[in-house]
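# 3D model of this:
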Amino acid sequence: MRIYPTPGLLVRDPVKRDALPEKGREVADNDHYWLRRLACNDVTRTPPKAEISPDLPLAKPTKPETSQGSDS
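Numbering: from 1, shown residues only. Okay, here's the model as predicted:
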């Protein structure tokens, strides 16, 4: 089965001794460690949603320029 960490959690893989990557990892269907992590909601079988990152930062609305003419 393919498992993914629950968003916001860092879950360690006891075999590979690293953090479970966000893209997920294949593990044995009958592995008791991962079945417990699933029961505790530390991991999920649902892939994470793709995040949309804008290429440009959002522009702040600008105030219209007013001309302050001096009649001196």
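
# in the chain, which spans are strands?
Applying DSSP state E to the chain gives strands spanning 2-5, 12-13, 18-19, 25-26, 43-44.

# So what are the sheet partners of the second one and their directions?
Here the strand partners of strand 12-13, with direction, are listed using DSSP bridges: strand 18-19 (antiparallel).

# same deal with the first one?
Looking at strand 2-5 with DSSP bridges, its partner strands are strand 25-26 (antiparallel), strand 43-44 (antiparallel).

# Of the ones you listed, which stretch is the most buried?
Counting by mean count of other CB atoms under 10 Å, strand 43-44 has the highest mean neighbour count of these, with a mean of 19. Glycine gets a C-beta too; all of them are placed from N, C-alpha and C.

# which other residues reach it?
Outside strand 43-44, the residues that touch it by CB atoms under 8 Å, 6 or more residues apart in numbering are 3-6, 11, 20, 34, 37-38.
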